[in-house]
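Peer 1: what would the 3D arrangement of this be:
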Amino acid sequence: MSNAIVVGFNGSAGSEAALTWALERAARNKLPVIVVHAVDDRWMSPDFQYHEIIRDAGMDLLQQARASASVQAPDVEVDIQLRHGSGGSVLREVSKEAAIVVVGGHDKRWLDGGPITDRALQVVSASECPVAVIPAKPAAGAKGVVVGVDGSEESLQAVAFAAKEADLGGDELTVVLAFKKPARWVEKQLPSSGLAESMVEEDRIVLAESVAGLGDKYPDMTVRQRLETNTEPAKALVDIAAAARLLVIGSRGRGGFSRTVLGSTAHAVLLQLPCPTIVTRVHRVKHGE
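Peer 2: Residues are numbered from 1 along each chain as shown. Model (predicted):
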């Protein structure tokens, strides 16, 4: 499984889109695909009369996914696996040896308009490999790769990952650094009035350092830098990536607490998924308390 693309599948529109995206990637990279369905039967007794029915329904779903995959990408090797446990725990386990885990997002919302926190967040938080979250209806004709940076080690990993993706797809790479200025009343209380200007200059340097060396490694790739000086990072990434083929973000950034797994920006982006989004976890980085 170490070279396989793993797809979490439950029959939803999001998981169908995830399967299609994974098959396209597998065909391009010449990788096998494993389609996984989790039967969360922890609350059931093995003697429960519907136990076998639920297992059979899960296998039927997987067989349908494999049949669909054979039509979409006949040259891609596709395996299916029925596993037991919660979706998050199952995909965490398979992520230990997967090249990437792919899951679908969704657009269901509470009656008050707020987004439902879905299992994609659980998978991204727990996964030990990069995770791609695919919207149920990806935009047609999308192009370009967008990556968010903040100067952290994780964001530099994300840039390296995104640059490789852009190069393979023949896309432009847009590197985005965004921050929210202090409120005016806060800035007025500070002894120096040049705080905002200093922040802009520091982050301009961080942005330039984040793309250093990309021109040498990918001489044919166009790299654009965008510094958003008065926008929350998640909003900036969602807006800029709305027409992109792919958005790449790190699992955590410089503002994350050492005990958290998923940073606030990544969390917010996944709740407003603008396009296929990969959350990288290339290697662990130690943070001070």
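Peer 1: quick one: residues contacting residue 228.
Peer 2: 176, 177, 178, 179, 236 (C-beta atoms under 8 Å, 6 or more residues apart in numbering). In this view, the C-beta of every residue, glycine as well, is placed from N, C-alpha and C.
Peer 1: mind listing the strands for the stretch 151-289 of the chain?
Peer 2: 173-178, 223-228, 246-250, 277-280 (DSSP state E, counting those that start in this stretch).
Peer 1: swap that for the stretch 1-150 of the chain, sorry
Peer 2: Counting by DSSP E, counting those that start in this stretch, the strands of the stretch 1-150 of the chain are 5-8, 33-39, 78-84, 100-104, 131-134, 145-148.
Peer 1: rewinding a little: redo the strands of the stretch 151-289 of the chain as a markdown table? Include distance to residue 76.
Peer 2: Compiled in a markdown table, these are given as follows (distance: least, C-beta to C-beta, whole Å):
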| stretch | distance to residue 76 |
| --- | --- |
| strand 173-178 | 27 |
| strand 223-228 | 31 |
| strand 246-250 | 20 |
| strand 277-280 | 19 |
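Peer 1: what's the pLDDT at the residue lying closest to residue 142 once chain neighbours are set aside?
Peer 2: Nearest residue to residue 142, sequence neighbours excluded (C-beta to C-beta, 6 or more residues apart in numbering): residue 245, at 4.6 Å. On pLDDT, residue 245 comes in at 97.
Peer 1: closest to residue 4 among the contacts of residue 228?
Peer 2: The shortest approach to residue 4 among the contacts of residue 228 belongs to residue 176, at 31.0 Å (C-beta to C-beta).
Peer 1: and that closest one, how many neighbours does it have?
Peer 2: 25 (other C-beta atoms under 10 Å).
Peer 1: once you drop chain neighbours, what's closest to it?
Peer 2: residue 226 (4.8 Å).
Peer 1: residues contacting the one you found?
Peer 2: By C-beta under 8 Å, 6+ apart, the neighbours of residue 226 are 174, 175, 176, 177, 236, 240.
Peer 1: let's see 10 Å
Peer 2: Applying C-beta atoms under 10 Å, 6 or more residues apart in numbering, we find residue 226 in contact with 146, 174, 175, 176, 177, 178, 207, 236, 240.
Peer 1: any chance you could map the helices in the stretch 51-200 of the chain?
Peer 2: For the stretch 51-200 of the chain, the helices defined by DSSP state H, counting those that start in this stretch occupy 51-72, 87-95, 119-126, 153-169, 184-189, 195-210.
Peer 1: could you save these as TSV and add columns showing mean neighbour count?
Peer 2: Shown next, in TSV, are those (neighbours: other C-beta atoms under 10 Å):
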stretch	mean neighbour count
helix 51-72	15
helix 87-95	21
helix 119-126	21
helix 153-169	21
helix 184-189	10
helix 195-210	14
